[in-house]
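Trainee: Sequence plus the predicted model coming up.
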Amino acid sequence: MVDVNVIRNKLAIKIFQNLGSTFLVSSVLSYTTSKWGDKEITYDLPETMIGVPYNLISPKSYEKFGDLTQGQMDVVFDYLSSINMDSSVLFAGKGYLIIRLEDFDIKDSVLAKLARLAERM
């Protein structure tokens, strides 16, 4: 029987510590609507997180969420990361939004979080 915590520890050491990059992530505090009907987002203070851009883990063109478009990338974050949809992300001097988020799980336990980031224009 596989212990999920053993897998989490191996991921932390072999993936996040060895290949991880620093991301500044601001989680969503609230949504409001402007007088023109546009969605406006209020963000919390940024938090430093370690993530691994997907193509550093596997150079193959397989993409779990489908094909990437220009200005997008997939990132794997630790299972404890407090990220959510529409979070604002700063990486390598560029701003991104999390447009898709999925838990990577095994036996009903989350091992990591997979996020699709779209560059802010």
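Mentor: Received the coordinates, thanks.
Trainee: quick one, helices of the protein?
Mentor: 4-10, 18-19, 54-57 (DSSP state H).
Trainee: between these, which one is nearest to L111?
Mentor: Evaluated over the helices of the chain, closeness to L111 peaks at helix 4-10, with 6.0 Å, by CB to CB. All C-beta spots, glycine's among them, are computed from the backbone N, C-alpha and C.
Trainee: Let me know whether S88 touches K94 as I believe.
Mentor: No: applying CB atoms under 8 Å as the test, S88 and K94 come out as separate, 11.5 Å apart.
Trainee: Settle it for me: which of the two has more neighbours?
Mentor: S88 (18 against 12; other CB atoms under 10 Å).
Trainee: distance of the more buried one from I99?
Mentor: 12 Å (CB to CB, to the nearest Å).
Trainee: and the nearest residue to L29 once chain neighbours are set aside, bridged to which residues?
Mentor: Once flanking residues are discounted, L29 sits nearest to T42: 4.6 Å by CB to CB, 6 or more residues apart in numbering. For T42, the beta-bridge partners are S30 (DSSP bridges).
Trainee: contacting residues for T42?
Mentor: Applying CB atoms under 8 Å, 6 or more residues apart in numbering, we find T42 in contact with V28, L29, S30, Y31, T32.
Trainee: which of the residues you listed are buried?
Mentor: Burial by neighbour count, 16 or more other CB atoms under 10 Å: within those this picks out V28.
Trainee: ok, the contacts of T42 vs L111, which is closest?
Mentor: V28 (23.8 Å).
Trainee: Tally up the residues packed near the closest residue in space to that closest one that isn't next to it in sequence, please.
Mentor: The shortest distance from V28 to any non-neighbouring residue, by CB to CB, 6+ apart, is to D86 (5.1 Å). Look at D86: counted by other CB under 10 Å, it has 16 neighbours.
Trainee: List the contacts of D86.
Mentor: Contacts of D86 (CB under 8 Å, 6+ apart): V28, Y31, I41, L97, I98, I99.
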